[in-house]
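> Return a 3D structure for these sequence lines:
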Amino acid sequence: MSRVLARVSALLAAVLLLSLPPAQLPRAEAAALDPFTGYLMAHFTGESANGEQIYLAHSRDGLTWRDLNNGGPVLLSTLGTRGVRDPSLVRSPAGDRYWIVATDLRIASGTSWSDAANRGSTSLVVWESRDLVNWSAPWLINVAGAIPGAGNAWAPEAIYNQATGDYVVYWATNSARNGVTKHRIWYVRTTDFRTFTTPQLYIERPGGQGIIDTQIVEVANSVGGYRYYRASADGHITIEASNSVLGSWTTLGNLSHLGISNGTGGGNVVEGPMWAQFNGRDEWALWLDQYATGRGYLPITSTNLGSVNNFRTRADYNMGASRKRHGSILNLTAAEESAVLGRWGASTPVNRIQSYTHQDRYVRHANFDVRIDPNVSPAQDAQFRVVPGLAGGAGYVSFESVNYPGYYLRHYAFDFVLAANDGSPVFAADATFRQVAGLGNAAWSSFQSYNYPDRYIRHYNYLLRLDPISDAQGRNDATYRLTS
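Numbers count the residues shown, from 1 in each chain. Coordinates of the predicted model:
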């Protein structure tokens, strides 16, 4: 009888556990992560048509960076403003879940900075992953909606707070308070990045001085005397320290002695401070975006964060091919690094698409229209990466532009254009083709539409179209060869 009761009790306990929402499941003690071997940076690139999306870069040494995914965006926001900036990479304490939290903002759509700051989105965009490779669809969290007169929600960050067993999400909102309208840092707490507490004021500077772009780094062994350090853009780049995420903070100073400020102090005017610890040693880099001069990120480093006088500028770094704007850096274990590089690290060869009937002509984009031309200049207008199809399975391909990463050949009303991937199923289908034996010459190739399988890519009067093929001329015009 006692064994029956024991089994019933165990069964009831299991049912109760499974019935709890994921956020309420008992948290396993965070196991020590494997040694870190590399670094992953999430960032955006600027106000170009597809620049305000999620890009990734990788580094082995923390100073030399290589663009992943052939320099194209990895994640696209299809919500809110349909653009994201200032992404923050977050890892759970157990290392079994990851989030990206980003500003919902797309200046490239024509939004002015005044509108964005005063009448912009009060939501943040969030993605979730179990492996840093497969990411959920994005969702919005309206963190600033409860702040009276909130004009925006910018530059979010998140940090796990062991004192409370949840995450502190903090960001800048422009709003009126005590008769002064300016940016202040607010925070909410969350366990799942879906539900959150009422926003609370986190950091406010005196008078009319605003503050934005705050990022906190945790120093587990309290090098310099504190467990947490934060850098903020508030006219200067101010460095503060604390032993509690939500406790009181001590101001250590700023970087004016290095000729660096956020505008108030002149010199090299920067924003977007981004922390990273070097793997295997007590040394940290604080990356600063030299936005005023357009020179991109600059690292300053320290082996003791307890005094701003310990920072020094570095020249031995390389940011890779793209300009990297305000983001965050995650130290990677060997398993994480292998997964990330396996998905986005390979460099896809560059091809040209040669016409069979006019073999001196190649497919090229010109003002985002698509045609075949000889002697293409600049040469990159006729260069594409043949990547796995955005839709479909094996045998399907898509054509990504080399000089416009994230832009693909797609048909629109059966005409061809070069367009930015908007992440929609319609775009994916319109930009996907099955590579088959050439209709005009089996040693070449033809490209059959994924969503209109009775139609093929062909040129007509040198312009690319998607047509049904019914005669010998059509078969020849729908035949191409991929060349280097």
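
> Tell me how far the closest residue to residue 333 other than its chain neighbours lies from residue 338.
Closest residue to residue 333 in three dimensions, ignoring its sequence neighbours and counting by C-beta to C-beta, 6 or more residues apart in numbering: residue 34, at 4.2 Å. The way it works is simple: take the backbone N, C-alpha and C, and place the C-beta from them, glycine included. Here residue 34 is placed at a distance of 11 Å from residue 338 (C-beta to C-beta, to the nearest Å).

> ok, back up a step: which secondary structure state does the residue nearest to residue 333 sit in?
The three-state label given to residue 34 by DSSP: H, G, I helix; E, B strand; the rest coil is coil.

> lowest-pLDDT helix or strand in this structure?
helix 2-19 (a mean of 37; mean pLDDT, DSSP states H and E).

> got any ranges where the stretch 301-450 of the chain has weak pLDDT?
Across the stretch 301-450 of the chain, not a single residue meets the criterion (pLDDT under 70).

> phi, psi of the residue nearest in space to the middle of the chain?
In the chain, the residue lying closest to the centroid (C-alpha atoms, centre = their mean) is residue 54, at 2.3 Å. Backbone torsions of residue 54, given as degrees, to the nearest 10, read phi -90, psi 120.

> Partner strands of the one helix or strand residue 187 maps to, with direction?
Per DSSP states H and E, residue 187 falls inside strand 180-190. Sheet pairing of strand 180-190 (DSSP bridges) gives strand 166-177 (antiparallel), strand 200-203 (antiparallel).

> avg pLDDT for it?
The predicted model assigns strand 180-190 a mean pLDDT of 98.

> Adjust the sequence numbering to begin at 661 for everything that follows.
Done: numbering now begins at 661, and the last item shifts to strand 840-850.

> Residues touching that strand, excluding its own?
777, 801, 803-804, 807, 809, 814, 821, 824, 826-835, 837, 856-865, 867-872, 874, 892, 906 (C-beta atoms under 8 Å, 6 or more residues apart in numbering).

> Using the record's assignment, carve this protein into domains.
689-1004, 1010-1143 (automatic domain parsing).

> wait, doesn't residue 708 sit right on residue 769?
No. Judged on C-beta atoms under 8 Å, residue 708 makes no contact with residue 769 at a distance of 11.7 Å.

> Tell me which of these two has more neighbours.
residue 708 (15 against 12; other C-beta atoms under 10 Å).

> So that one, which state does it fall into?
Strictly by three-state DSSP, residue 708 counts as coil.

> That one and residue 1065: what is the separation?
10 Å.

> Over to residue 784?
25 Å.

> Would you map the strands across the stretch 1011-1144 of the chain?
Applying DSSP state E, counting those that start in this stretch to the stretch 1011-1144 of the chain gives strands spanning 1022-1026, 1029-1033, 1044-1048, 1056-1061, 1067-1072, 1075-1080, 1093-1097, 1105-1109, 1115-1120, 1123-1128, 1140-1143.

> Distance to residue 725 and mean neighbour count for those strands - can I get that in TSV?
Compiled in TSV, the strands of the stretch 1011-1144 of the chain are given as follows (distance: least, C-beta to C-beta, whole Å; neighbours: other C-beta atoms under 10 Å):
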stretch	distance to residue 725	mean neighbour count
strand 1022-1026	28	22
strand 1029-1033	32	19
strand 1044-1048	20	19
strand 1056-1061	21	23
strand 1067-1072	23	22
strand 1075-1080	24	20
strand 1093-1097	33	18
strand 1105-1109	35	22
strand 1115-1120	36	21
strand 1123-1128	36	18
strand 1140-1143	30	17
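
> who wins for proximity to residue 793 among those strands?
In terms of C-beta to C-beta, the element of those nearest to residue 793 is strand 1044-1048, at 14.3 Å.

> can you give me the angle that closest one makes with strand 1067-1072?
Calculated by axes from the mean of the first three to the mean of the last three C-alpha atoms, to 10 degrees, strand 1044-1048 forms an angle of 80 degrees with strand 1067-1072.

> Partner strands of strand 1044-1048 and their direction?
In its sheet, and by DSSP bridges, strand 1044-1048 pairs with strand 1010-1015 (antiparallel), strand 1056-1061 (antiparallel).

> closest one to residue 754 among those strands?
Short answer: strand 1056-1061, nearest of the strands paired with strand 1044-1048 by C-beta to C-beta, at 35.8 Å.

> related to what we said a few turns ago, could I get the strands of the stretch 1011-1144 of the chain in TSV, plus columns for distance to residue 887?
Formatted as TSV, the strands of the stretch 1011-1144 of the chain follow (distance: least, C-beta to C-beta, whole Å):
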stretch	distance to residue 887
strand 1022-1026	52
strand 1029-1033	56
strand 1044-1048	44
strand 1056-1061	44
strand 1067-1072	45
strand 1075-1080	43
strand 1093-1097	54
strand 1105-1109	57
strand 1115-1120	59
strand 1123-1128	59
strand 1140-1143	55
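
> Okay, helices next: where are they in the chain?
According to DSSP state H, the chain carries its helices in the segments 662-679, 773-778, 994-1004, 1085-1090, 1132-1137.

> Contacts for the fourth one next, please.
Contact with helix 1085-1090 is made by 1049, 1050, 1051, 1068, 1070, 1071, 1072, 1079, 1081, 1110, 1111, as judged by C-beta under 8 Å, 6+ apart.

> got the buried residues for it?
1087, 1088, 1089, 1090 (16 or more other C-beta atoms under 10 Å).

> what number of residues lie near the nearest residue to residue 755 once chain neighbours are set aside?
Among residues not flanking residue 755 along the chain, residue 693 sits closest, at 4.9 Å (C-beta to C-beta, 6+ apart). Using other C-beta under 10 Å, the number of residues around residue 693 comes to 15.

> Could you tell me the model confidence score at residue 693?
In this prediction residue 693 is given a pLDDT of 74.

> Dump stretch 929-940 to CSV, restricted to CA.
What follows is stretch 929-940, C-alpha atoms only, in CSV (Å, rounded to 0.1, in the frame of the first residue of the first chain):
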residue,chain,number,x,y,z
VAL,A,929,32.8,61.7,-29.7
VAL,A,930,31.5,58.1,-29.2
GLU,A,931,28.3,56.2,-28.2
GLY,A,932,27.2,52.6,-27.8
PRO,A,933,29.6,51.3,-25.1
MET,A,934,29.9,47.5,-25.4
TRP,A,935,31.7,45.4,-22.8
ALA,A,936,33.6,42.1,-23.3
GLN,A,937,35.9,40.1,-21.1
PHE,A,938,38.9,38.4,-22.8
ASN,A,939,38.7,34.7,-22.6
GLY,A,940,40.8,33.1,-19.9
